[in-house]
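J.: I would like the atomic coordinates for the input below:
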Amino acid sequence: MKKTKLLLMLMTLVGSITIISQTAATYYQTPLTDSINSPIPLVKSDLKETKSAAELLYEEIGLSGKLNFDAFDQAMLGYENLEFKNKDIITVIDFTLPSTEKRMYVIDLKNKKLLYHTIVSHGRNSGEKYATAFSNRHGSYQSSLGFYSTANTYYGGNGYSLVLDGLEKGINDQAKARAVVIHGADYCSQSVINNTGRLGRSYGCPALPREVTKPIINTIKNGSMVYIYADNQNYMNASRVMKSAKTTLLAQHINDDADSTVRTY
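T.: Numbering: from 1, shown residues only. Now for the predicted structure:
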């Protein structure tokens, strides 16, 4: 009888030790298991990819595959750092593309729509199929990069035309004096591309196909932004607008990190 009681006590003790060991093992292993298998919000938030306001707007308008994001991003930096009478509409011209492709984009930011996407000519001394050389100089017959504000319209030798005010000193501020305007031209057409392999060229003006000149000018006239982009390092180094925009963007990122706000356009 004594041996039986002793055996029962021993079995109970062993069982208790086993339970305690299993509980302890479970206790110590739980954090490790959770960290590997469980979706922990803190880890996800640390690794979460954040998108800029420009990226979100770019996606919302549906510009992917149509407009180079770098061109749009730079345009939005200028848009935020310059004053424009009409903030609803912007125009981007991408001179990294050949003249055979549609490289002018008229965008309605208010309604988030691409309104016009068309071919556009560059200056005759800026290049053949591609625009690679740019100038602010009188008589250069070259295109000028950077930010412009649209002004008034008039009828001249090229028909209905739109005056451009160059906003960047030393880069495009001679545009009005050089009579660099948006106008229609017979040499800017698909038929010219088919016959010559490229568009005809202007004296520096962004010339448009005749059929879209009037509707585009009437859409963008009176104080909207035009940005001519070329992924040009000389422009980036000289542009006070882009330098100021980078400074503003850096300050914005610091504030965003501090208060987790997202800037919207």
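J.: right, and the helix or strand after the one helix or strand in the chain whose mean pLDDT sits lowest?
T.: Within the chain, no helix or strand scores below helix 41-47, which has a mean of 43 by mean pLDDT, DSSP states H and E. The helix or strand immediately downstream of helix 41-47 is helix 53-61, counting by DSSP states H and E.
J.: residue ranges of the strands in this protein, please?
T.: Listed in chain order, the strands of the chain (DSSP state E) span 89-94, 104-108, 113-118, 146-156, 159-166, 181-184, 207-208, 225-229.
J.: any chance of these in a markdown table, with mean neighbour count too?
T.: Yep, even glycine has a C-beta here, placed from its N, CA and C like the rest. Output for the strands of the chain, formatted as a markdown table (neighbours: other CB atoms under 10 Å):
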| stretch | mean neighbour count |
| --- | --- |
| strand 89-94 | 23 |
| strand 104-108 | 22 |
| strand 113-118 | 15 |
| strand 146-156 | 19 |
| strand 159-166 | 19 |
| strand 181-184 | 24 |
| strand 207-208 | 26 |
| strand 225-229 | 27 |
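J.: nearest to Ser244, out of those strands?
T.: strand 146-156 (11.3 Å; CB to CB).
J.: measure Arg103 to Asp173 for me?
T.: Using CB to CB, to the nearest Å, Arg103 is found at 23 Å from Asp173.
J.: neighbour-wise, which of the two wins?
T.: Under the neighbour definition other CB atoms under 10 Å, Arg103 and Asp173 were set side by side, and Arg103 has more, 27 against 17.
J.: next one, pLDDT for Ser149 please.
T.: We have a pLDDT of 98 for Ser149.
J.: what bits of the stretch 151-265 of the chain have low per-residue confidence?
T.: Within the stretch 151-265 of the chain, the stretches with pLDDT under 70 are 246-265.
J.: where exactly do the helices run in it?
T.: Here the stretch 151-265 of the chain has its helices, by DSSP state H, counting those that start in this stretch, at 190-196, 210-220, 233-238, 240-259.
J.: list the buried residues for the shortest one?
T.: Along helix 233-238, these residues count as buried under the neighbour rule (16 or more other CB atoms under 10 Å): Tyr235, Ala238.
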